[in-house]
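**Student:** Just a sequence and a predicted model for now, questions to come.
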Amino acid sequence: ERPSQARAFISLFKEVHRFSQTLSNVNIVVGLLNDLKSQKHLSEETSQALSKEQNWQLSATTFCNRLETYYGEFEDVALPLVTSIRTIQHGFRDLTGNSIGSGKNILNVQNHLLSYPYYKHEKSSTVEVMNKVNIESASLEILNQVCS
């Protein structure tokens, strides 16, 4: 049950509908996606695509913050919307990083995370990394016991 002073659901519906017709319109999102995917190195077109992406990010963030702030009573509706929008934002950010030539760095981070805890750094052996992980795990366990 909603609190008696909750905003009307119709106002949430209208805001979400307006967002879906403007900023999250399929044509706009796919157009931005294609612009970002087509950029391989820095140029004036890349700068324009990145500027469009930043504007989209800012507008989407503002909308998500508004949903969280003003429609907390409808978290069963607002939270999945915010999560979906944040996922699109994250995808755009990842694509933006890849579109300007930093894809190799992202692949290195991805490989590191996927091979954790067996990642072998050039300067340390797998055993050293495992020992470090064990020490960190033990430290966290002790910290949890102290805080409990």
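**Tutor:** Structure received.

**Student:** only C-alpha atoms for contact and neighbour calcs from this point on.
**Tutor:** OK.

**Student:** average pLDDT for the lengthiest helix in the chain?
**Tutor:** Identified as the longest helix of the chain according to DSSP state H is helix 44-70. Mean pLDDT, helix 44-70: 88.

**Student:** Can you give me the buried ones in it?
**Tutor:** Going by neighbour count (16 or more other C-alpha atoms under 10 Å), the buried part of helix 44-70 is 46, 49-50, 53-54, 56-57, 60-61, 63-64, 67-68.

**Student:** now stretch 10-17
**Tutor:** Quick answer for stretch 10-17 (16+ other C-alpha under 10 Å): 12, 16.

**Student:** again, but for stretch 74-92
**Tutor:** For stretch 74-92, the neighbour count (16+ other C-alpha under 10 Å) marks 74, 78-79, 82, 85-86, 88-89, 92 as buried.

**Student:** Among those, which one sits closest to Gln21?
**Tutor:** Comparing the buried residues of stretch 74-92 against Gln21 with C-alpha to C-alpha places Ile85 closest, at 14.1 Å.

**Student:** Surely that closest one and Ala60 touch.
**Tutor:** Yes - with contact defined as C-alpha atoms under 8 Å, Ile85 counts as touching Ala60 (7.1 Å).
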